[in-house]
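Asker: Structure here, sequence nowhere to be found:
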């Protein structure tokens, strides 16, 4: 029997989060990040962050997340830390910048300069960003995998 061809995973398109209130979710995340509200109604909303998006869906049915989380890549991690502090949101213990949103979704904030993930120049232009820098360690990791941006 012939083995079926596998699709190659190319990345993530979006994350779906369950929240109790769509407007409150938009307001909470709007204090932390610049994004484009694509569409919303009483039970669902889509916020675009460049070429990816978060889908808010009304109706949280499970308990708060302990280890399960998703990461949002930012250009200024310390700005997020400061805003969380101003908002009175507790940063979770550990070596990462993690927090729970008001609905128990665990979010990890990741600095663009320190990861292998790379935004294409046309996406950066569309986001109104001229250039983002990578740390030497991230550049070395990319190079080792044949993905150097140079």
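Answerer: Sure, I can see it. Remember, predicted model here, so these are calculated numbers, not experimental data.
Asker: And for residue 22, nearest residue in space, chain neighbours not counted?
Answerer: In space, residue 22 comes closest to residue 45 once its chain neighbours are excluded; the distance is 5.0 Å by Cβ to Cβ, 6 or more residues apart in numbering. Using the backbone N, CA and C atoms, a C-beta is placed for each residue, glycine as well.
Asker: Confirm that that neighbour sits in a helix.
Answerer: No. Counting by DSSP: H, G, I helix; E, B strand; the rest coil, residue 45 is not found in a helix; it is strand.
Asker: Count the residues that sit near it.
Answerer: 23 (other Cβ atoms under 10 Å).
Asker: can you check the one 10 residues further on too?
Answerer: Residue crowding around residue 55 was assessed by other Cβ under 10 Å; the count is 15.
Asker: pretty sure it is touching residue 18, no?
Answerer: No. In this structure, residue 55 is not within contact of residue 18 by Cβ atoms under 8 Å, at 9.8 Å.
Asker: check contacts around residue 89.
Answerer: Neighbouring residues of residue 89 by Cβ atoms under 8 Å, 6 or more residues apart in numbering: 99-100.
Asker: Can you tell me how far it is from residue 6?
Answerer: Using Cβ to Cβ, to the nearest Å, residue 89 is found at 40 Å from residue 6.
Asker: now swap in residue 125 and tell me
Answerer: 33 Å.
Asker: Who has more neighbours out of the two?
Answerer: Using other Cβ under 10 Å, the more surrounded residue of residue 125 and residue 6 is residue 125, with 11 against 6.
Asker: what residue ranges in the protein score low on pLDDT?
Answerer: Scanning the chain for pLDDT under 70 picks out the ranges 150.
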